[in-house]
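[1] Turn this into a model:
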Amino acid sequence: MSPFRAANVRAAAGRLADQRAGLRAQELRTEIVEQLSQPGRGREYRRGNVTHRASAPGDPPAVDTGRLRQSLGVQRIGNGHYRVGTNVEYAPLLEFGTRQMAARPFMRPAAERVRRRG
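    From the prediction side, this is the model:
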């Protein structure tokens, strides 16, 4: 059997594409985590003995408990296809905003930065 059979080449290309997609997904997750690790630029307030600085509208959410940042994961959903996301129920409210709160986007800006890097 020739090592250059078309089926072998296709299989190797598929594995390489899957590996590259996985690396890009991990790069996106890292970019989001870095964004969520930045200090807030909004108002400062106290909760008990702890002082917290909120995020400003349009900035990524400031860390309060760290739950959102810790929840980010990468999931392989098929050959060459990965999902980067969170199961935290309030994540869409932060990303897109609500009637009472301006958006604090963190996923879309990170995806755009990773996309621009190529």
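
[2] what helices or strands is the longest helix along the chain leaning on?
    Looking across the chain with DSSP state H, the single longest helix is helix 6-35. In terms of contact count using 3 or more CB pairs under 8 Å, 6 or more residues apart in numbering; DSSP states H and E, helix 6-35 is assigned the packing partners strand 73-78, strand 81-85, helix 107-117. The way it works is simple: take the backbone N, C-alpha and C, and place the C-beta from them, glycine included.

[3] could you give the angle of that helix to helix 107-117?
    In terms of direction (axes from the mean of the first three to the mean of the last three CA atoms, to 10 degrees), helix 6-35 departs from helix 107-117 by 130 degrees.

[4] quick one: helix 6-35 to chain centroid distance?
    Computed by CA atoms, centre = their mean, to the nearest Å, the separation of helix 6-35 from the middle of its chain amounts to 15 Å.

[5] would residue 51 count as being in a strand?
    Yes. Under DSSP: H, G, I helix; E, B strand; the rest coil, residue 51 falls within a strand.

[6] What about it, how many residues nearby?
    Residue crowding around residue 51 was assessed by other CB atoms under 10 Å; the count is 9.

[7] I'd say it and residue 39 touch.
    No. Counting by CB atoms under 8 Å, residue 51 sits too far from residue 39 to count as a contact (11.8 Å).

[8] Mind listing the residues bridging to residue 44?
    Beta-bridge partners of residue 44, counted by DSSP bridges, are residue 53.

[9] Spit out the contact partners of it.
    51-54 (CB atoms under 8 Å, 6 or more residues apart in numbering).
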